[in-house]
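Asker: pasting the sequence and the predicted coordinates here, then a few questions.
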Amino acid sequence: MLEKMRSIICNYVDIEPENITEESNLTDDLGLSSYDIMCVLGELEEEFGVTVNEAEIVDIHTIGEAMNYIKSLQN
């Protein structure tokens, strides 16, 4: 899942994929805008076959938190 997330995020920011870790903060470390985050989440919904609740994503700040959220939706 991390590799796919790296691939998607690299479409929005100029960061080498190997520099994106589970601890990376979406805004502070990766520089994603709120619009970018919504676009990334849309791609993740398609990729993993889940539906993201926009009210819940305000608590997601890191790649690891995003991965855990998506995994919880798959169960």
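Answerer: Looks like it came in fine. Keep in mind that this is a model prediction, so the values were computed, not measured.

Asker: need the helix or strand of the chain with the lowest average pLDDT.
Answerer: When the helices and strands of the chain are scored by mean pLDDT, DSSP states H and E, helix 34-48 comes last with a mean of 91.

Asker: residues near the residue nearest to Glu23 when sequence neighbours are not counted, how many?
Answerer: Spatially, and ignoring its direct neighbours in sequence, Glu23 is nearest to Thr62 (6.0 Å; CB to CB, 6 or more residues apart in numbering). In short, each C-beta sits where N, CA and C put it, glycine included. For Thr62, the count of nearby residues is 17 (other CB atoms under 10 Å).

Asker: show the pLDDT at Thr62.
Answerer: Among the per-residue scores, Thr62 holds a pLDDT of 95.

Asker: again, but for Ala55
Answerer: With respect to pLDDT, Ala55 scores 86.

Asker: can you list contacts of the least confident helix or strand of the chain?
Answerer: 1, 4-5, 8-9, 11-13, 26-27, 32, 50-52, 57, 66, 70, 73-74 (CB atoms under 8 Å, 6 or more residues apart in numbering).

Asker: ok, of those, which come out buried?
Answerer: 1, 5, 8-9, 12, 26, 32, 50, 52, 57, 66, 70, 73 (16 or more other CB atoms under 10 Å).

Asker: widest-spaced pair of those?
Answerer: Tyr12 and Leu73 (21.4 Å; CB to CB).

Asker: ok, back up a step: got the angle for whatever helix or strand comes next after the least confident helix or strand of the chain vs helix 34-48?
Answerer: For helix 34-48, the following helix or strand on the C-terminal side (DSSP states H and E) is helix 63-74. Relative orientation of helix 63-74 and helix 34-48, computed by axes from the mean of the first three to the mean of the last three CA atoms, to 10 degrees: 40 degrees.
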